[in-house]
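**Q** this one's structure only:
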């Protein structure tokens, strides 16, 4: 069983989110339920990926960067986050309290280390802050994890 981790942008516009869901679904389809998905369940790419994994009947593992993580997510995302977290077969909770860049990078590293490959919903630009998508992709490449980058052509963040 292959273990696939997700890293990707948050705050995706609805049209972009729908397009990303299609790209993720297409990429994961060959694996069916013979995969394990790892996600931090943030709004955006993480949740889109988690939903596709669960739709495929595959197990989902959650990586939670900090005890204050949920509260740092947008309020409108809490219901989806709670539902996805409740469906996770395993939850990796990091010992951080604050949901800040150091905790996010630690979560990204753990996700990469526990994955066979990484799916990155990434526009290819530098991270907007430490622990962002570009930093997680760079870490995956240092560990020689295969990284597949998905981003809708012509879309800007």
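**A** Cool, got the structure. Remember, predicted model here, so these are calculated numbers, not experimental data. Residues are numbered from 1 along each chain as shown.
**Q** Residues in contact with the lowest-mean-pLDDT helix or strand in the chain: which ones?
**A** Every helix and strand in the chain was compared by mean pLDDT, DSSP states H and E; the lowest is helix 14-28, with a mean of 94. The contact list for helix 14-28, computed with Cβ atoms under 8 Å, 6 or more residues apart in numbering, reads 4, 8, 12, 35, 37, 44-45, 48-49, 51-53, 55-56, 119, 121, 148, 150, 152, 155. Glycine gets a C-beta too; all of them are placed from N, C-alpha and C.
**Q** repeat for stretch 83-97
**A** With Cβ under 8 Å, 6+ apart, stretch 83-97 has contacts from 39, 41, 47, 50-51, 54, 59-68, 102-103, 106-107, 110, 114.
**Q** next one: that stretch to chain centre, how far?
**A** Mean-position distance between stretch 83-97 and its chain equals 13 Å (Cα atoms, centre = their mean, to the nearest Å).
**Q** What mean pLDDT does that stretch get?
**A** For stretch 83-97, mean pLDDT is 98.
**Q** what distance separates the start and the end of that stretch?
**A** Taking Cα to Cα, to the nearest Å as the measure, stretch 83-97 stretches 22 Å from start to finish.
**Q** What are the buried residues along it?
**A** 84, 88, 92, 94, 96 (16 or more other Cβ atoms under 10 Å).
**Q** do stretch 10-21 as well
**A** Those would be 10, 12, 16-17, 19-21, for stretch 10-21 by 16+ other Cβ under 10 Å.
**Q** Pull the most distant pair out of those residues.
**A** 10 and 19 (15.6 Å; Cβ to Cβ).
**Q** residues contacting the closest residue to residue 88 other than its chain neighbours?
**A** Once flanking residues are discounted, residue 88 sits nearest to residue 62: 4.0 Å by Cβ to Cβ, 6 or more residues apart in numbering. Residue 62 makes contact with 38-41, 50, 84-85, 88, 90-92, according to Cβ under 8 Å, 6+ apart.
**Q** which residue packs closest to residue 38, ignoring adjacent ones?
**A** Counting by Cβ to Cβ, 6+ apart, the residue nearest residue 38 is residue 5, at 4.2 Å.
**Q** Quick one: residues contacting the one you found.
**A** 37-39, 111-112, 114-115, 117-119.
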